[in-house]
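**Student:** predicted structure and sequence below. I'll ask about it afterward.
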Amino acid sequence: MSAVTLSFGLVGADLHRPSPDADAVPSDFASVVSPKGDRFRDGFTRACLYLAGRNMPDPPAADTTVVVGTEYGNLDAMLRLQRLAVAGERRISAQQFPHATTSSAAVFLNLEQGVRGGNMTLNAGPRTPVVALLQGLLHVNAYPQAASHVLIGDVYCPEARDDVRKKAGPEMAVTSALCWVGLRSGDSHRAVVSFRPGPDDVDSGRVFADDAHGPQPVDWNRALVTHRFLAAVGELPVGAAATLRVGAGDRVARLTIQRTSGGVR
C-alpha cells in the first residue's frame with residue numbers, strides 16, 4: 001500500500017513489565033484495578049487493566065476507542081480452559097475464560113474504564129505495533145475530539161515462549177511486557193505509515209528497528225522497541241522525526257512520526 005499520512009496529538013506512553021511469577025502483581029495493583037472478578041483473570045488481562053488503569057482518564061472522552069495489538073493475547077486462559085476439559089472437570093464455565101472469547105482483554109478494558117466507544121484486538125505478527133498504532137491514528141483522525149488508547153505486547157505463558165523459540169531460535173530473548181500509548185485528535189505530530197521496504201516521505205531521523213544491534217538487546221516482544229520509539233517521539237524538537245521499523249524482507253512496516261508544532265501535544 002502507499003504511505004498514509006495522519007495528524008494527531010500525543011498524550012503519552014508507558015511500559016509495564018509483569019513479574020515472571022504469573023501470580024504476582026504490582027504492589028499498587030489493588031488501587032489501580034478493581035478486584036471484582038480478578039480470580040478468573042489471566043496474566044495478560046491483568047497486565048492490560050493495570051497499564052490502562054494508571055494511564056487512562058476517568059471518565060474517558062466520548063469518542064474513545066481501545067486497540068490491543070498482541071500476538072498471543074489470552075492464550076494462557078484458553079489453554080487453562082482446555083486443560084480443564086481434558087481432565088473431565090464438570091464445572092467448566094465461561095467464568096474460567098472471561099466472556100468465553102479469545103480476545104477478552106480489550107473487552108475488559110472497555111468495561112473497567114467505562115469506554116463507550118469501540119475496541120479491537122489484532123495480531124499482525126512482527127508488524128503488530130505499526131498496525132495497532134495505525135488503527136488508533138485512523139480513529140483520532142475520523143472524529144474532531146477523539147482519543148485512542150493503544151496497548152501493544154504480550155505476557156508469555158510457557159507454550160507461547162516455546163512457540164517463539166521454534167520460530168526464532170533458542171537464544172531469542174522473550175520478555176513479557178506491554179506498552180501503552182495515548183493518542184488524541186490534534187496536529188502537533190504527523191505520522192507516515194507504510195508497509196513496504198524503503199524510505200518514507202519524511203526525514204526519518206533516528207530509526208528504531210526490531211533487528212537493530214545496539215545497546216538494547218533484541219527481544220521478540222516488540223512492545224520494548226515500540227516504547228523506546230515512543231519515548232523518543234515525546235522528546236522530539238519541532239521539525240525532527242523518528243521511525244519505528246518492524247518486520248523483515250518484503251514484510252516491513254514503518255511508522256515515521258514528526259513533531260510539527262510546539263503546542264500542546
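**Tutor:** All right, it came through fine. Residues are numbered from 1 along each chain as shown.

**Student:** now residue 136: how far from residue 260?
**Tutor:** Note on residue 136: its distance to residue 260, by CB to CB, to the nearest Å, is 18 Å. Heads up, the C-betas are built off the backbone N, CA and C, glycines and all.

**Student:** isn't residue 150 up against residue 180?
**Tutor:** Yes - the pair residue 150 / residue 180 is scored as a contact, 7.1 Å apart, by CB atoms under 8 Å.

**Student:** before we move on, the earlier item: of residue 136 and residue 260, which one has the most company?
**Tutor:** residue 136 (28 against 17; other CB atoms under 10 Å).

**Student:** what helix or strand is the more buried one located in?
**Tutor:** Residue 136 belongs to helix 128-142 when elements are defined using DSSP states H and E.

**Student:** same question for residue 31.
**Tutor:** helix 29-32.

**Student:** which strands and helices sit next to that helix?
**Tutor:** helix 43-53 (3 or more CB pairs under 8 Å, 6 or more residues apart in numbering; DSSP states H and E).

**Student:** any idea of the mean pLDDT for the helix it packs on?
**Tutor:** For helix 43-53, mean pLDDT rounds to 90.

**Student:** strands paired with the helix or strand that it is followed by, and their directions?
**Tutor:** Per DSSP H and E, helix 43-53 leads on to strand 63-69 as the next helix or strand towards the C-terminus. Strand 63-69 sits in its sheet next to strand 119-122 (parallel), strand 146-154 (parallel), going by DSSP bridges.

**Student:** before we move on, back to that, let me see the mean pLDDT of the helix holding residue 31.
**Tutor:** Helix 29-32 carries an average pLDDT of 88.

**Student:** returning to what we had before: pipe the strands paired with strand 63-69 into JSON lines and attach mean pLDDT, distance to residue 206 and mean neighbour count per row.
**Tutor:** Shown next, in JSON lines, are the strands paired with strand 63-69 (pLDDT from 0 to 100; distance: least, CB to CB, whole Å; neighbours: other CB atoms under 10 Å):
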{"stretch": "strand 119-122", "mean pLDDT": "83", "distance to residue 206": "26", "mean neighbour count": "18"}
{"stretch": "strand 146-154", "mean pLDDT": "95", "distance to residue 206": "19", "mean neighbour count": "27"}
